[in-house]
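A.B. asks: Build the 3D model from these lines:
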Amino acid sequence: MACPGSGKTQRDNEVNITIEDQSKINTFARHNARLQDLKIEMQKKKKELQNLEDAADELLMIDEEDSLIPYMIGEVFVRLSTDEATSMLDRSKADLDAEIAGIEAKCDEHKQILSNLKIQLYAKFGNNINLEADEEA
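C.D. replies: The predicted structure is shown next:
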């Protein structure tokens, strides 16, 4: 048996979506996807930076000053002195630090845009829309 008035409740929960609303939802989805891509890229860069720091620590443990260290440039290993290898590692670490800072700035921009869109979309749709990221491990 149908419950009288149940149709009215269902209509109250329905919200008309305008083209502008759909555009905001699509923009949210694009920025959210880009933010996730940037987070993955940042994790890779941080791992690469950690590897460079580990290599620099290993160079400090080398006793012989005149030994040649294999240093990978592109796909080729080049033999460098300890000082040259340390200098190259320092430059690579500085470059990676700059890249990570740039990625963090982009992440902050996307987070700000997402925050503004969340406010607008939740104001219109309330609980009828889910904009929260699923935290899956």
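A.B. asks: and the top helix by length along the chain, what does it pack onto?
C.D. replies: Counting by DSSP state H, the longest helix found in the chain is helix 82-125. Other helices and strands packing on helix 82-125, by 3 or more CB pairs under 8 Å, 6 or more residues apart in numbering; DSSP states H and E, are helix 19-60, strand 68-73. Every C-beta, even on glycine, is put in place using the N, C-alpha and C of the backbone.
A.B. asks: Next, the buried residues of stretch 72-88.
C.D. replies: For stretch 72-88, burial by neighbour count (16 or more other CB atoms under 10 Å) applies to Leu80, Thr82, Ala85, Thr86, Met88.
A.B. asks: any idea which of those residues is closest to Ser115?
C.D. replies: Met88 (40.6 Å; CB to CB).
A.B. asks: quick one: which of the helices and strands packed on helix 82-125 is nearest Glu104?
C.D. replies: Using CB to CB, the helices and strands packed on helix 82-125 put helix 19-60 closest to Glu104, at 6.9 Å.
A.B. asks: who's in contact with the spatially most central residue of the chain?
C.D. replies: In the chain, the residue lying closest to the centroid (CA atoms, centre = their mean) is Lys39, at 1.6 Å. Neighbouring residues of Lys39 by CB atoms under 8 Å, 6 or more residues apart in numbering: Cys107.
A.B. asks: Please give the number of neighbouring residues around Leu89.
C.D. replies: Neighbours of Leu89 under the rule other CB atoms under 10 Å: 20.
A.B. asks: ugh, wrong one, Lys47
C.D. replies: Residues lying near Lys47 (other CB under 10 Å) number 10.
A.B. asks: Quickly note the distance from Thr18 to His31.
C.D. replies: 20 Å (CB to CB, to the nearest Å).
A.B. asks: How about Met61?
C.D. replies: For Met61, the distance to His31 - CB to CB - is 45 Å.
A.B. asks: Which one's more surrounded, the two?
C.D. replies: His31 (17 against 6).
A.B. asks: contacting residues for that one?
C.D. replies: Taking CB under 8 Å, 6+ apart, we find His31 in contact with His110, Ile113, Leu114, Leu117.
A.B. asks: quick check, nearest of those to Phe125?
C.D. replies: Taking those together and measuring to Phe125 by CB to CB, the closest member is Leu117, at 11.6 Å.
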